[in-house]
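1. need coordinates for the below:
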Amino acid sequence: QVQLVESGGGLVQAGGSLRLSCTASGRTGSTYAMGWFRQSPGKEREFVAAISWSGRNTYYADSVKGRFTISRDNAKNTVYLQMNSLKPEDTAVYSCAARGTIYSGRYYYSVNEYDYWGQGTQVTVSS
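-> The predicted structure is shown next:
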């Protein structure tokens, strides 16, 4: 089992920045691809960004490409989401997810492909 805890959410004005963190505990000796997803009220959970275990490969939703950056520090069992140029439509609960994998360079972008989820952190962008 892997436990994931997100932090770094909050209230920010449009155009501002936030950095989210997701720290894993438990069976962290295995290799995990990681992802960030978000969900707003009345909407389905949507993919935001993903990163391979090695950190070499990343993938972004079109809506955040060029504004968000996903990264990881495996020594700290932590993945980050740097969010710049935030817009009101970025308001959502952001959750990180982990998937065990033997492929160090592979990432995943479907909700159904992930095994473990954090509780989420609220991000609110005011106009």
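
2. make it CA atoms for all contacts and neighbour counts henceforth
-> OK.

3. excluding its backbone neighbours, what's nearest the residue positioned nearest the centre of the chain?
-> Most central in the chain under Cα atoms, centre = their mean is W36, positioned 2.2 Å from the mean C-alpha point. Spatially, and ignoring its direct neighbours in sequence, W36 is nearest to C96 (4.4 Å; Cα to Cα, 6 or more residues apart in numbering).

4. the one you found and S127: what is the separation?
-> C96 is 25 Å from S127, where distance means Cα to Cα, to the nearest Å.

5. assess the claim that Y80 and L18 are in contact.
-> No. In this structure Y80 lies outside contact range of L18 using Cα atoms under 8 Å: 10.4 Å.

6. ok so, going back, please identify which helix or strand holds the residue nearest to W36.
-> Applying DSSP states H and E as the criterion places C96 in strand 92-100.

7. pLDDT weak spots in this structure?
-> 29 (pLDDT under 70).

8. quick one on the thing from earlier: what strands line up against the strand holding C96, and which way round?
-> strand 32-39 (antiparallel), strand 116-117 (antiparallel), strand 121-126 (antiparallel) (DSSP bridges).

9. ok, which of those comes nearest N84?
-> strand 121-126 (11.3 Å; Cα to Cα).

10. please enumerate the strands of the protein.
-> 2-7, 10-13, 18-26, 32-39, 46-51, 58-60, 68-73, 78-83, 92-100, 116-117, 121-126 (DSSP state E).

11. would JSON lines of these with distance to Y108 be doable?
-> Formatted as JSON lines, the strands of the chain follow (distance: least, Cα to Cα, whole Å):
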{"stretch": "strand 2-7", "distance to Y108": "17"}
{"stretch": "strand 10-13", "distance to Y108": "26"}
{"stretch": "strand 18-26", "distance to Y108": "17"}
{"stretch": "strand 32-39", "distance to Y108": "7"}
{"stretch": "strand 46-51", "distance to Y108": "6"}
{"stretch": "strand 58-60", "distance to Y108": "8"}
{"stretch": "strand 68-73", "distance to Y108": "13"}
{"stretch": "strand 78-83", "distance to Y108": "15"}
{"stretch": "strand 92-100", "distance to Y108": "8"}
{"stretch": "strand 116-117", "distance to Y108": "13"}
{"stretch": "strand 121-126", "distance to Y108": "21"}
